[in-house]
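K.L.:
Fold the following and give me the result.
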Amino acid sequence: FKQKTAYEISACLVGSEMCIRDRLYPHERISQIQRKQMTTSNAKNVKVFAVQGTFDDCQSIVKRLFSDKGLVNDVNLSGVNSINWARILVQSIYYFSAFYQMKDHSDRRVSFSVPTGNFGDAYAGYLAKKIVLPINKIIVASNKNDILDRVFKTGVYKSDSVSKTLSPSMDIQVASNFERLLFDLLSKDTYEVGKLMNNLANKGSLNIDKSIISQLSKDFDSGAVTDSETIATINHFYNEREIVLCPHSAIGVRVAKDFIEKGETVVSLGTAHPAKFKETVESALEVNIPMPPALEIIMEKKESVKVIPPNKYKVAKEIRKMLGLVDKSKLIYLLKHVLQGDEKNALKQFKDIYDEGLDAKIFLNDILELIYLFSRRISLGPIEKDLFLSANELELIEDGSKNLNTQDLSLFWQLTIKTIEDIKTVSSERVSL
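P.N.:
Purely as a prediction, here's the structure:
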């Protein structure tokens, strides 16, 4: 989830009983205040993960979670960054707002300079143009991670290692929304888009035909800015206009300058309050940047965050844990080991599931549910719990809690084995009958 998005969306969901919120950000690759905005809610329904990698790693995890059919069936999964189409639609609105706030705009076409890494903001501008807005061009402004600038200039979309810059929200090499643009330009041919994206995944690059590049040039232009140019722009704008820019906004302004000098009218999009990048801005200006009260407050709050490797399974496990869900594939393996008489591996699988810290009642009920499904597969018909479990055993399930001790674990294991063995006995008896 993109770091400039995570706080705003999460603030709306803190404390909600309807939403469980997992936040991902690249470990040690965002500003201190960005991190604090995400890690200090301390809400029960919010879990924060610092991924040991880049934004691309975070986004890859999210996309793989959406392709996990088991998880999607268990959880009503949604994203809040520009992977979500609704986010793109909302972003397109402020192109209209900016355009109609300009004076004497009716007789000229306006371009927009858009600092971007994931291409969501830029794609929203492209949509605004396609709808009706008389935009000349969307000018894509990049930092050192200039894959978008290179593709617009050369037609080669080649990912590289992500460079750490002063504009961390743009430190991206694989812009997910560029795939949406290709879908439009290739006449919504999913097969052709799929081929190109497979090339990117397998070979690290894709080549765009000259005819597509020609189409791109009608709607887009681009530029890239170094860290030193970013600092110089922050400094220049403050000295000339007394306007303080954040590093990302400065990139949009610096790229826009090249086009303004050619006689174009350009609106440059701003991205964040400069205090979110206090160290960078203050080092550029050598003045103190006042902190808004809302940001001052979070600096005193306690952080809650878990550092994890860039592993989709770790995140999926945490999502299920927050919701008290068991990974059904693990239950299937548990049942398989028991039915095969492999008690050693069955117990290992049982403990692995239990160690996830799930609610005991949900845990055993899920096991029983799977067993009952199995029983129907072997034509036993509907089975009630009290057919196999005594009143005392049923009471243990209903009173299960997260604070089970070793003796409880052993008892739960015995109950599971007993239940499965009883089903196998009934199965053999009914088959013989």
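
K.L.:
I'd assumed residue 307 was in a helix, is it?
P.N.:
No. Under DSSP: H, G, I helix; E, B strand; the rest coil, residue 307 sits outside any helix and is assigned strand.

K.L.:
Next, work out how far apart residue 281 and residue 353 are.
P.N.:
Computed as Cβ to Cβ, to the nearest Å, the residue 281 to residue 353 distance reads 49 Å. All C-beta spots, glycine's among them, are computed from the backbone N, C-alpha and C.

K.L.:
between the two, which one's more packed in?
P.N.:
Under the neighbour definition other Cβ atoms under 10 Å, residue 281 and residue 353 were set side by side, and residue 281 has more, 25 against 17.

K.L.:
Quickly note the distance from the residue lying closest to the more buried one once chain neighbours are set aside to residue 256.
P.N.:
Leaving aside its chain neighbours, residue 281 sits nearest to residue 274 (4.6 Å; criterion: Cβ to Cβ, 6 or more residues apart in numbering). Note on residue 274: its distance to residue 256, by Cβ to Cβ, is 18 Å.

K.L.:
For the residue nearest to residue 281, list the residues it contacts.
P.N.:
Contact analysis of residue 274 by Cβ atoms under 8 Å, 6 or more residues apart in numbering lists 244-246, 249, 281, 289.

K.L.:
which of these count as buried?
P.N.:
Among these, those buried by neighbour count (16 or more other Cβ atoms under 10 Å) are 244-246, 249, 281, 289.

K.L.:
Is it possible to get a markdown table of those residues that adds pLDDT and secondary structure?
P.N.:
Output for these, formatted as a markdown table (pLDDT from 0 to 100; DSSP: H, G, I helix; E, B strand; the rest coil):
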| residue | pLDDT | secondary structure |
| --- | --- | --- |
| 244 | 96 | coil |
| 245 | 97 | coil |
| 246 | 97 | coil |
| 249 | 97 | helix |
| 281 | 96 | helix |
| 289 | 91 | coil |
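
K.L.:
of the residues you listed, closest to residue 68?
P.N.:
Taking Cβ to Cβ as the measure, residue 68 lies nearest residue 246 of the buried ones among the contacts of residue 274, at 35.6 Å.

K.L.:
Least confident secondary structure element in the protein?
P.N.:
Taking mean pLDDT, DSSP states H and E as the measure, the helix or strand of the chain with the lowest value is helix 391-398, at a mean of 48.

K.L.:
Okay, now the unreliable bits of the stretch 151-300 of the chain?
P.N.:
Within the stretch 151-300 of the chain, the set of residues satisfying pLDDT under 70 is empty.

K.L.:
now the helices for it?
P.N.:
Under the criterion DSSP state H, counting those that start in this stretch, the stretch 151-300 of the chain carries helices at the ranges 178-185, 190-203, 210-219, 227-241, 247-260, 278-285, 293-299.

K.L.:
how about the strands in the stretch 51-200 of the chain?
P.N.:
Remark: strands assigned in the stretch 51-200 of the chain by DSSP state E, counting those that start in this stretch are 110-115, 135-142, 156-158.
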